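Trainee: pasting the sequence and the predicted coordinates here, then a few questions.
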Amino acid sequence: MSEIENSKLAIIGAGAVGSSLAYASLIRQSAREVVLYDINGPKVEAEVLDLAHGTQFTGASSVAGGSDLDAIVGANMVVITAGARQHPGQSRLEMAGVNVGILRDLMPKLVERAPDAVYMLVTNPCDALAYAARQFSGLPAARVFGSGTVLDSSRLRWMLAHRVGVAIANVHAVIVGEHGDSEFPLWSQARIGPVSLAQWVQDDISPKDLVPFSEAEFEEITESVKTAAYKVIAGKGATNYAIGLSGARIVEAVLRDEGAVLPVSSVLTDYRGVSDVALSVPSVINADGVSRVIEVPFNDKEQELFEHSAATLRTTLNGLGLD
C-alpha cells in the first residue's frame with residue numbers, strides 16, 4: 001500500500017466527539033475530504049456549515065455531509081463515533097448493550113457503501129465494539145479496530161512530562177489492555193528519552209531537585225489516567241477535544257500509510273496467551289489498518305494485569321452474546 005491521494009474520511013456521528021474529530025482532521029489536514037454523517041439532519045448540517053465557513057484557514061481540505069448515508073460512498077476510512085452518550089458515574093462497559101445494537105444495524109450499511117475502507121471505532125466501549133464490528137462486517141481484523149488507548153497513553157505521557165520536567169515528545173510510555181477501568185501502564189517499558197524510567201529514578205540521572213518515583217506514585221498516576229475521562233465528563237458533560245485530536249492522528253497513520261506505532265485495539269490472536277478479544281497493544285498502523293501487533297516484553301505483574309483485562313472484556317462480550 002501507499003499514501004492515499006485525494007483521501008476521503010467519513011465520520012459517523014456529529015456529536016461532541018464526531019464534530020471535534022472533523023475539526024481536528026480539517027486543521028491537521030488529515031484527509032483531503034472530510035464527510036460528517038448523523039441521523040439528526042439539522043444538527044449535522046449546522047456542524048458541516050460551521051466547519052465549512054472556516055476552510056479558508058485549513059489548507060486544501062474540504063468538508064461535506066448530512067443525514068444521507070450515501071455521503072460516505074467511496075470513503076477510504078470510516079470513523080464511528082455515534083452511540084449512547086457516557087453520563088457522569090457511568091462506566092464505558094455499561095454503555096455496551098445500547099451501542100452494540102446501534103452497530104448491528106449500522107455496520108452492514110457502512111460496508112455496503114465503503115467496502116474497501118479501514119474502520120475505526122471511537123464509540124465506547126471501543127474494545128467490545130471493535131470486536132462486534134468485525135463480526136457484523138465480516139471484514140479482516142486488520143481493517144476493523146478501536147481507537148483504544150492512544151488517548152490514555154497521551155494522558156500518561158502528559159502527566160509524566162509534567163512530573164519530570166521534559167517535553168511530552170520525549171516521554172515514551174504506553175497504556176495497554178482495555179480502554180477503561182482495567183487498563184494499565186507498561187511501567188517496565190517506560191522511558192524518558194533513551195533512559196528507562198527505573199534508571200531515571202534510581203541512578204540519579206534526573207535533576208537533583210526531583211524526588212524519585214515511588215510505587216505509591218506509580219499507582220496514583222495509573223489511577224489518574226484511568227479516571228481522567230470521568231473527571232472531564234463530570235465538569236463539562238463529555239470528552240471531545242483530546243479524543244478528536246488523537247483520532248485524527250490515527251487517521252493520518254492510515255491515510256498516509258505511515259507505519260506508525262500506536263496502541264489501538266484490535267482482535268488479538270495468541271498475543272501473550274490472549275486470543276479472540278480486542279485489547280490495545282502497540283501496533284503498526286498503515287494503509288492496511290493494523291498491519292501487525294508488536295510483541296512487547298511484560299513483567300510478571302503486567303502479564304497478570306493483561307490477563308485480567310482480557311477476562312474483563314470477555315465477560316462483557318459473553319454478556320452481549322458476542323462470544
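Mentor: In hand now; what should we look at?
Trainee: give me the neighbour count for Ile294.
Mentor: 11 (other Cβ atoms under 10 Å). The way it works is simple: take the backbone N, C-alpha and C, and place the C-beta from them, glycine included.
Trainee: what residues are up against the residue nearest to it when sequence neighbours are not counted?
Mentor: The shortest distance from Ile294 to any non-neighbouring residue, by Cβ to Cβ, 6 or more residues apart in numbering, is to Pro282 (4.5 Å). Contact partners of Pro282, counting by Cβ atoms under 8 Å, 6 or more residues apart in numbering, are Val174, Val176, Val261, Leu262, Pro263, Val293, Ile294, Val296.
Trainee: which of the residues you listed sits closest to Gly319?
Mentor: For the contacts of Pro282, the residue nearest Gly319 by Cβ to Cβ is Val176; the value is 23.0 Å.
Trainee: looking at this, the closest one is in a strand?
Mentor: Yes - under DSSP: H, G, I helix; E, B strand; the rest coil, Val176 sits within a strand.
Trainee: re the thing from before, let's see which of the contacts of Pro282 end up in strands.
Mentor: Residues of these located in strands (DSSP state E): Val176, Val261, Leu262, Val293.
Trainee: quick one: which two of those are the most distant?
Mentor: Most distant of the ones in strands among the contacts of Pro282, by Cβ to Cβ, are Val176 and Val261, 12.6 Å apart.
Trainee: so between the two, which is more surrounded?
Mentor: Val176 (26 against 13).
Trainee: in the chain, which helix or strand is least confident?
Mentor: Comparing helices and strands within the chain by mean pLDDT, DSSP states H and E singles out helix 197-202 as the least confident, with a mean of 76.
Trainee: tell me the first helix or strand C-terminal of that helix.
Mentor: Using DSSP states H and E, the helix or strand that follows helix 197-202 in sequence is helix 215-236.
Trainee: give me the mean pLDDT for that following helix.
Mentor: Average pLDDT, helix 215-236: 92.
Trainee: for Gly65, see how far away Lys43 is.
Mentor: Separation of Lys43 from Gly65 (Cβ to Cβ, to the nearest Å): 11 Å.
Trainee: roughly how far does the residue sitting nearest the centre point of the chain sit from Val277?
Mentor: For the chain, Ser147 is the residue whose C-alpha lies nearest the centre (Cα atoms, centre = their mean; 1.9 Å). Distance check for Ser147 against Val277: by Cβ to Cβ, it reads 17 Å.
Trainee: could you list the low-confidence segments of the stretch 101-250 of the chain?
Mentor: Applying pLDDT under 70 to the stretch 101-250 of the chain flags residues 201-211.
Trainee: and which of the contacts of Pro282 is nearest Thr81?
Mentor: Leu262 (17.8 Å).
Trainee: hang on, that closest one packs against Glu252?
Mentor: No - applying Cβ atoms under 8 Å as the test, Leu262 and Glu252 come out as separate, 10.3 Å apart.
Trainee: which residue is the nearest non-sequential neighbour of Ile168?
Mentor: Using Cβ to Cβ, 6+ apart and skipping residues adjacent in sequence, the residue nearest Ile168 is Ala161, 4.1 Å away.
Trainee: an error on my part: the question was meant for Ile285.
Mentor: Per Cβ to Cβ, 6+ apart, closest to Ile285 is Ala253, 4.1 Å.
Trainee: where does that neighbour sit: helix, strand or coil?
Mentor: helix.
Trainee: separation between it and Leu110?
Mentor: As defined by Cβ to Cβ, Ala253 lies at a distance of 20 Å from Leu110.
Trainee: try Val122
Mentor: Separation of Val122 from Leu110 (Cβ to Cβ) stands at 14 Å.
Trainee: between those two, which contacts overlap?
Mentor: Common neighbours of Val122 and Leu110 (Cβ under 8 Å, 6+ apart) are Ile80.
Trainee: re earlier: in CSV, list the contacts of Pro282 along with distance to Ser61.
Mentor: Shown next, in CSV, are the contacts of Pro282 (distance: Cβ to Cβ, whole Å):
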residue, distance to Ser61
Val174, 30
Val176, 33
Val261, 25
Leu262, 22
Pro263, 27
Val293, 31
Ile294, 31
Val296, 35
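Trainee: of those residues, closest to Trp187?
Mentor: Of the contacts of Pro282, the one sitting nearest to Trp187 (Cβ to Cβ) turns out to be Val174, at 10.0 Å.
Trainee: quick one, what contacts the closest one?
Mentor: Thr149, Ser153, Leu156, Pro185, Leu186, Gln189, Ala190, Pro263, Pro282.
Trainee: next: Trp158.
Mentor: Ile168.
Trainee: need the nearest residue in space to the residue nearest to the centre of the chain, chain neighbours excluded.
Mentor: Leaving aside its chain neighbours, Ser147 sits nearest to Val122 (4.8 Å; criterion: Cβ to Cβ, 6+ apart).
Trainee: quick check: the gap between that neighbour and Ala190.
Mentor: 26 Å.
Trainee: cool, and Val281?
Mentor: Counting by Cβ to Cβ - Val281 and Ala190 are separated by 15 Å.
Trainee: between the two, which is the more surrounded one?
Mentor: Set Val281 next to Ala190 and count neighbours by other Cβ under 10 Å: Val281 wins out with 25 against 20.
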